[in-house]
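[1] Next comes the sequence, and after it the predicted model I'd like to discuss.
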Protein chains: 2
Amino acid sequence: MRNFADRLIDAVRHKSSACVVGLDPRIDLMPDFITAGRTARSRANVCAIVSDFHELVLDAVADLVPAVKPQLAFYEQYGLGGLEAFENTVNAARRRGLLVINDGKRNDISSTAEAYATAFLSDSAFYSDCTTVTPYLGRDSLEPFAKACAEHGKGMFVVLKTSNPGSRDFQDQPLESTRRPLYETIAGIVDELGKSTVGESGYSSIGAVVGATFPEDGRRLRALMPHAIILVPGYGAQGGSAQNAAACFHENGLGAVVSSSRGITYGHKDPAISRSAFVQLVRESTQRMVDEIRKATSVPTPVS
Amino acid sequence: MRNFADRLIDAVRHKSSACVVGLDPRIDLMPDFITAGRTARSRANVCAIVSDFHELVLDAVADLVPAVKPQLAFYEQYGLGGLEAFENTVNAARRRGLLVINDGKRNDISSTAEAYATAFLSDSAFYSDCTTVTPYLGRDSLEPFAKACAEHGKGMFVVLKTSNPGSRDFQDQPLESTRRPLYETIAGIVDELGKSTVGESGYSSIGAVVGATFPEDGRRLRALMPHAIILVPGYGAQGGSAQNAAACFHENGLGAVVSSSRGITYGHKDPAISRSAFVQLVRESTQRMVDEIRKATSVPTPVS
């Protein structure tokens, strides 16, 4: 399969959209028409509710964004029924030509890291085009994922700087050796690891997660990792603006994708909203985000 | 439900054993008699193979250890069939009176961290008595897990220092502010967060993961977190010795549990080993580990 970075950049150019819709199943926030007649939280009901909800969302956004980002935590909170729905949603996204960025922030050491890479990057267990990974365990914990990316044409985003206040606690700590934040040392390793998977697009399949709430950090990290694609969460509900997110882009409007979840899928105020009004709202919210990001950066105009 | 720390310390005293058997399903390493007649890797076969294997292991070790530690990565690598087996194995462990430490090294921020806590600490999705969590995202990412522990009588182990060479890359980095390794700052937060869940045993339900390969770090962390139970992986296959693991214990032989996975469940050299020989080997390997740890520390003699 082609390099993940090239596939993502192609899709960004083609759709003239650097936005990603986050899929966070939260049954209590879904419109009534989705849950109607399925009040018991049986495994089958949970699976059907979560799968149906995302089919609708995917239909609404498929032509507007290059990728979707299912958040595993929200599927796992529903047990096996949730994970069956995860598989259904991933397949539904693929059928619509969307790339799947699995957000699980996994990691471990040696053979356990390999098992996670098998689980999420090899096509032998759960399908995804790309997965998010935490760095705390060290460079050798990232290598099995990088190897799987190279072998299977997949991608990974290493968590560097998150959008929460607590990201200051450890991520921002200046190290004695460099007098610079810890995340910069990790960025150096992301840059190094990524060199072997730079594709035709000029971008690597080993990217980084950088929250939209700290634009100064975003600018610095953009400069430190010239080949990395940056996944920017925290847009909308977490307080990140398009201007802030723009710090993670190159001047040509490439090099980053911005993700929003709640702001897209749970924007309705009235649980009694109709099916068609819901689909329209999801579509409009996505279009608004795409426009805002396009305006704040300079995402290339559509190539057809 | 009673405080996790108290339940674990009770079980350690009762069995005179501070050892934990790690459950890492790797079908390619299992004896032939387990896989016989089930060569196709269908969801049903994978679930049956992995479930049957662990029933045998659990029968062999149930009276020798207080807890088992299923590693989610190895279940996830088999997709939904693997996760069905995870649920079977957890239930089989509970039926045998074993505590379940789910090793998934999860974390995220705000409502996503809450979703993971619901998934693994609330009894509403996957059952476990305790779960492992990574700290990189900051103190506020740990709080939803700590809250769930207090509410549901569950426990968490925060990953501080792992047993791999790469643990030096970030975990050991001295900070400019403290001139001490990053993991010590995190240990301070673990100690603080744990204060509200110290039980009758004197231990908190918020503990830490500290690998068995760096005893100096273990000693230091033991001193910095007087109420934390330390989960010590890396015994056996990863090169940690009983003497090294002992650094994480208090002088009374409490305060830590040591985990071994491959050394217990995949110690057989011959895939054609018989069922009874396999069970005996697993039991003997576990007994040897328990004896070694008991000798190196001073795990209290059995209380019946």
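    Okay, I see it.
[2] list the contacts for the nearest residue to A:C130 once chain neighbours are set aside?
    Spatial nearest neighbour of A:C130, chain neighbours left out: A:G155 (3.6 Å); criterion: Cβ to Cβ, 6 or more residues apart in numbering or on different chains. C-beta coordinates here come from the backbone N, C-alpha and C atoms, glycine included. Neighbouring residues of A:G155 by Cβ atoms under 8 Å, 6 or more residues apart in numbering or on different chains: A:4-5, A:8, A:101, A:129-131, A:149, A:205-207, A:229.
[3] Out of those residues, grab the one that's most surrounded.
    A:I206 (32 neighbours; other Cβ atoms under 10 Å in any protein chain shown).
[4] Toward the C-terminus, what is the element adjacent to the helix or strand hosting A:C47?
    Per DSSP states H and E, A:C47 falls inside helix A:43-61. Downstream of helix A:43-61, the first helix or strand assigned by DSSP H and E is strand A:67-70.
[5] if we look at that following strand, which residues are touching it?
    A:8, A:11, A:20-24, A:58, A:61, A:86, A:89-90, A:93, A:98-103, A:129-130, A:231, A:257, A:259, A:261.
[6] Turn the buried ones among these into a named PyMOL selection, would you?
    Those of the contacts of strand A:67-70 that count as buried under 16 or more other Cβ atoms under 10 Å in any protein chain shown are selected in PyMOL with:
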select buried, chain A and resi 8+11+20+21+22+23+24+58+61+86+89+90+93+98+99+100+101+102+103+129+130+231+257+259+261
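[7] What's the mean pLDDT across whatever helix or strand A:A5 lives in?
    Taking DSSP H and E as the definition, A:A5 sits inside helix A:4-15. Across helix A:4-15, pLDDT averages out at 98.
[8] Kindly report the same for stretch A:64-83.
    Mean pLDDT, stretch A:64-83: 98.
[9] which parts of that stretch are buried?
    A:64-83.
[10] now it, how far from the chain's geometric center?
    With Cα atoms, centre = their mean, to the nearest Å as the basis, stretch A:64-83 stands 11 Å off its chain's centre.
[11] Show me where the stretch 201-304 of chain A dips below the pLDDT cut-off.
    A:237-238, A:301-304 (pLDDT under 70).
[12] mind listing the helices in the stretch 1-150 of chain A by residue range?
    With DSSP state H, counting those that start in this stretch as the criterion, the stretch 1-150 of chain A has helices at A:4-15, A:32-35, A:43-61, A:72-76, A:79-95, A:110-121, A:139-152.
[13] and among those helices, the most buried is which?
    Stretch with highest mean neighbour count among the helices of the stretch 1-150 of chain A: helix A:72-76 (a mean of 27; mean count of other Cβ atoms under 10 Å in any protein chain shown).
[14] possible to save the helices of the stretch 1-150 of chain A as TSV with distance to chain B?
    Shown next, in TSV, are these (distance: least, Cβ to the nearest Cβ, whole Å):
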stretch	distance to chain B
helix A:4-15	20
helix A:32-35	17
helix A:43-61	10
helix A:72-76	4
helix A:79-95	4
helix A:110-121	4
helix A:139-152	4
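[15] Using JSON lines, lay out these together with distance to B:V50.
    What follows is the helices of the stretch 1-150 of chain A, written out as JSON lines (distance: least, Cβ to Cβ, whole Å):
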{"stretch": "helix A:4-15", "distance to B:V50": "30"}
{"stretch": "helix A:32-35", "distance to B:V50": "33"}
{"stretch": "helix A:43-61", "distance to B:V50": "19"}
{"stretch": "helix A:72-76", "distance to B:V50": "18"}
{"stretch": "helix A:79-95", "distance to B:V50": "14"}
{"stretch": "helix A:110-121", "distance to B:V50": "13"}
{"stretch": "helix A:139-152", "distance to B:V50": "21"}
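[16] Of these, which is nearest A:G239?
    Proximity to A:G239 (Cβ to Cβ) singles out helix A:72-76 among those, at 19.9 Å.
[17] Dump the closest one to CSV, keeping only the CA atoms.
    Extracted in CSV, the C-alpha atoms of helix A:72-76 (Å, rounded to 0.1, in the frame of the first residue of the first chain):
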residue,chain,number,x,y,z
LEU,A,72,-11.2,4.0,21.1
ALA,A,73,-11.9,5.1,24.7
PHE,A,74,-15.5,5.9,23.9
TYR,A,75,-16.0,2.5,22.1
GLU,A,76,-14.3,0.6,25.0
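[18] isn't A:G236 right next to A:G263, touching?
    Yes. The criterion here is Cβ atoms under 8 Å, and A:G236 meets it with A:G263 at 3.2 Å.
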